[in-house]
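*Asks:* I would like to see how this sequence folds:
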Amino acid sequence: MNRGGIRRQRGAAMVIAAVFLIVAVLVYGLVALRMAGTSVTDSALVADAAEALFLAESGLERAAQRLANGTACAALAPDAGQAFGSGDFQILSAADVGGLCRVQVVGRRLMAGQPRAQRVIEGDFALGASGNWVVGNNGVVLTDGSGSWSTVPAFTGDDLNGIDCAGSSCLAVGDRGGAFTYDGSAWSATATGTGQDLEDVACEPGTTSACFAVGENGTALRWTTAWAATNSGTGRDLNGVYCGTGFCYVVGDNGTIRRWTGGTNWLGGEIAFSARNLNGVACLPGSATACFAVGRNGTLLQRFAFGPWGFWISVASGTGRHLNDISCPTTTFCVAVGNNGTALVWNGTSWSGSATGTSRRLRGVDCETGVAGNCLAVGNNGTILAWNGAAWSTQPSGTGSRLNDVAVASGGGGSVTLARWRERIF
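*Replies:* You can find the predicted model right below:
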């Protein structure tokens, strides 16, 4: 028997088995490594997708915050991309749908400026009462909420001509010396001591405890906790009033302009280069000298200070129609409205016409303080127009009454609730 041959065969077999075992271990190791790598990659992708969803949700939070601050739904977009954490988000679109504000946002997880994951979600927001108010003839009072206007139960039958608000408090004035306060829950009558028609009311910023109401035959009343007469220095009808911190201006018939800086007397020294009736006045925020007044036949005056005097110089308005009111929410934006649907906007340098889509007489306008894209104008036949910073749109008022004035809430647009949200898969 050849035992050496047998031993050699056994040795070869063991070598082959060892090689096979080594190869098997290597293959298994490579498979395990590949699976581990795939698992790590999958985990990274899942993490990136989750981060993108978080960023998109942050976009909805930004939309909710802007709505709560008074930004109109349609004015939410287009919005610039917002860098946040490891990526960015952007509001893509916003529109009123069935009484809700539908907002679409995208969130992106970035690495070295390049997107690794992207999620698009859509949210429907329900809007609570914003605190905007409108007053009109025959005691009509409107307030808005949930995207629509509703009529407040009448507390007077007389025409209401002016309103101003701060926070949840308001003052409204009207014919036959009517004046009413709102404390956040109910309206109450206040005694003015006059039977003259009151045409307008204005308060110092952020309060309804330092206000003036003005009207027929030079009537000028100051409100703190009660009404007190002041000496306007004129017997002419006073049609509009504006108050900043510690000062007020009033305008009226035949180019009348008076200034108040304290006490019971209004000051002269305001010289208008126009004898036409003036209907409205406003100053730029934070300024007691940079002001505009508007009136009949397209009259538009700009104030220039010279020592203690104010010279109100005519500037081109581009229209011959009566201008009835003006609001200046920022230092580079003002809006004036008037007859036949006239609206003018000022960009910090010049005035230009703005198409409103209506021929109704516009009687009052107001904007959110500090915001150039949230204004309301009101007028005849229940007309309510909203300005979003680029264009006017009509809002149904639910009334055909003449609307005379409007107060836009500042520093808050009311409650905002996310009714539902969904992811959009493209």
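
*Asks:* relative to residue 109, how far out is residue 296?
*Replies:* 60 Å (Cβ to Cβ, to the nearest Å). (Each C-beta comes from the backbone N, C-alpha and C, glycine too.)

*Asks:* who has more neighbours, those two?
*Replies:* residue 109 (23 against 18; other Cβ atoms under 10 Å).

*Asks:* and that one, what helix or strand is that in?
*Replies:* Secondary structure assignment for residue 109, by DSSP states H and E: strand 100-111.

*Asks:* buried residues in that strand?
*Replies:* Buried residues in strand 100-111, counted by 16 or more other Cβ atoms under 10 Å: 100, 101, 102, 103, 104, 105, 106, 107, 108, 109, 110.

*Asks:* strand partners (parallel or antiparallel) of that strand?
*Replies:* Strand 100-111 has the following strand partners under DSSP bridges: strand 87-97 (antiparallel), strand 114-127 (antiparallel).

*Asks:* how much distance is there from it to the middle of the chain?
*Replies:* Centroid separation for strand 100-111 versus its chain: 21 Å, with Cα atoms, centre = their mean, to the nearest Å.

*Asks:* quick one: mean pLDDT for it?
*Replies:* Averaging pLDDT along strand 100-111 yields 93.

*Asks:* what is the burial count for residue 387?
*Replies:* For residue 387, using other Cβ under 10 Å, the count is 26.

*Asks:* list the contacts for it?
*Replies:* 335, 367, 373, 374, 375, 376, 377 (Cβ atoms under 8 Å, 6 or more residues apart in numbering).

*Asks:* my read: the fifth one touches residue 384, true?
*Replies:* It stands for residue 375. No - counting by Cβ atoms under 8 Å, residue 375 sits too far from residue 384 to count as a contact (11.3 Å).

*Asks:* follow-up on the earlier one: out of the strands paired with strand 100-111, which comes closest to residue 420?
*Replies:* Smallest distance to residue 420 across those (Cβ to Cβ): 5.3 Å, for strand 114-127.

*Asks:* can I get the closest one in CSV? Just the C-alpha atoms.
*Replies:* Output of strand 114-127 as CSV, limited to C-alpha atoms (Å, rounded to 0.1, in the frame of the first residue of the first chain):
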residue,chain,number,x,y,z
GLN,A,114,-26.8,71.1,-2.8
PRO,A,115,-30.2,69.5,-1.9
ARG,A,116,-30.0,66.0,-0.4
ALA,A,117,-33.7,65.7,0.3
GLN,A,118,-36.8,67.8,-0.4
ARG,A,119,-40.4,67.7,1.1
VAL,A,120,-43.4,69.7,0.0
ILE,A,121,-46.3,70.1,2.4
GLU,A,122,-49.6,72.0,2.3
GLY,A,123,-51.5,73.5,5.2
ASP,A,124,-55.0,75.0,5.6
PHE,A,125,-55.2,77.8,8.2
ALA,A,126,-58.4,79.0,9.8
LEU,A,127,-58.3,82.7,10.6
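
*Asks:* so how far is it off the chain centroid?
*Replies:* 23 Å.

*Asks:* the helix or strand following it pairs with which strands?
*Replies:* Sequence-wise, the next helix or strand downstream of strand 114-127 (DSSP H and E) is strand 133-136. Using DSSP bridges, strand 133-136 pairs in its sheet with strand 141-145 (antiparallel), strand 403-407 (antiparallel).

*Asks:* so how far is residue 59 from residue 46?
*Replies:* In terms of Cβ to Cβ, residue 46 sits 21 Å off from residue 59.

*Asks:* what about those two, which has more around it?
*Replies:* Each of residue 46 and residue 59 has its neighbours counted (other Cβ under 10 Å); residue 59 has more, 27 against 11.

*Asks:* wait, is the more buried one part of a strand?
*Replies:* No - assigned with DSSP: H, G, I helix; E, B strand; the rest coil, residue 59 falls outside any strand and is helix.

*Asks:* can I assume it is in contact with residue 89?
*Replies:* Yes - with contacts counted by Cβ under 8 Å, residue 59 reaches residue 89, the gap being 3.7 Å.

*Asks:* shared neighbours, these two?
*Replies:* With Cβ under 8 Å, 6+ apart, residue 59 and residue 89 have common neighbours 82, 105, 106, 107.

*Asks:* of the strands paired with strand 133-136, which shows the lowest average pLDDT?
*Replies:* Looking at the strands paired with strand 133-136, the lowest mean pLDDT belongs to strand 141-145 (a mean of 85).

*Asks:* and the strands in the stretch 251-400 of the chain?
*Replies:* 257-260, 270-272, 278-283, 291-295, 300-306, 309-314, 323-330, 333-338, 343-346, 351-353, 362-367, 375-379, 384-387, 392-394 (DSSP state E, counting those that start in this stretch).

*Asks:* now the protein, which segments are flagged as low pLDDT?
*Replies:* 1-21, 23-42, 69-70, 99, 127-130, 145-147, 411-415 (pLDDT under 70).

*Asks:* can the shared contacts of residue 59 and residue 89 go into CSV with extra columns for distance to residue 183?
*Replies:* Formatted as CSV, those follow (distance: Cβ to Cβ, whole Å):
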residue, distance to residue 183
82, 39
105, 38
106, 44
107, 43
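
*Asks:* looking at those, which one is closest to residue 96?
*Replies:* residue 105 (16.8 Å).

*Asks:* ok, the closest one to residue 73 distance?
*Replies:* Relative to residue 73, and taking Cβ to Cβ, residue 105 is found at 14 Å.

*Asks:* ok, residue 419 next?
*Replies:* 13 Å.

*Asks:* pretty sure residue 250 sits against residue 237.
*Replies:* No - under the criterion of Cβ under 8 Å, residue 250 is not in contact with residue 237, lying 10.7 Å apart.

*Asks:* quick one: which of these two has more around it?
*Replies:* residue 250 (29 against 19).

*Asks:* what strand or helix carries that one?
*Replies:* For residue 250, the host element (DSSP H and E) is strand 247-252.

*Asks:* any idea how far that strand is from the chain center?
*Replies:* The answer for strand 247-252 is 26 Å, by Cα atoms, centre = their mean.

*Asks:* please apply the same query to stretch 265-285.
*Replies:* On Cα atoms, centre = their mean, the centre of stretch 265-285 falls 28 Å from that of its chain.

*Asks:* okay, how far is it across it, tip to tip?
*Replies:* 24 Å (Cα to Cα, to the nearest Å).

*Asks:* buried sites along it?
*Replies:* 266, 270, 272, 274, 276-284.

*Asks:* stretch 67-81 too?
*Replies:* Along stretch 67-81, these residues count as buried under the neighbour rule (16+ other Cβ under 10 Å): 67, 68, 69, 70, 71, 72, 73, 74, 75, 76, 77, 79.

*Asks:* of those, which belong to helices?
*Replies:* 67, 68 (DSSP state H).
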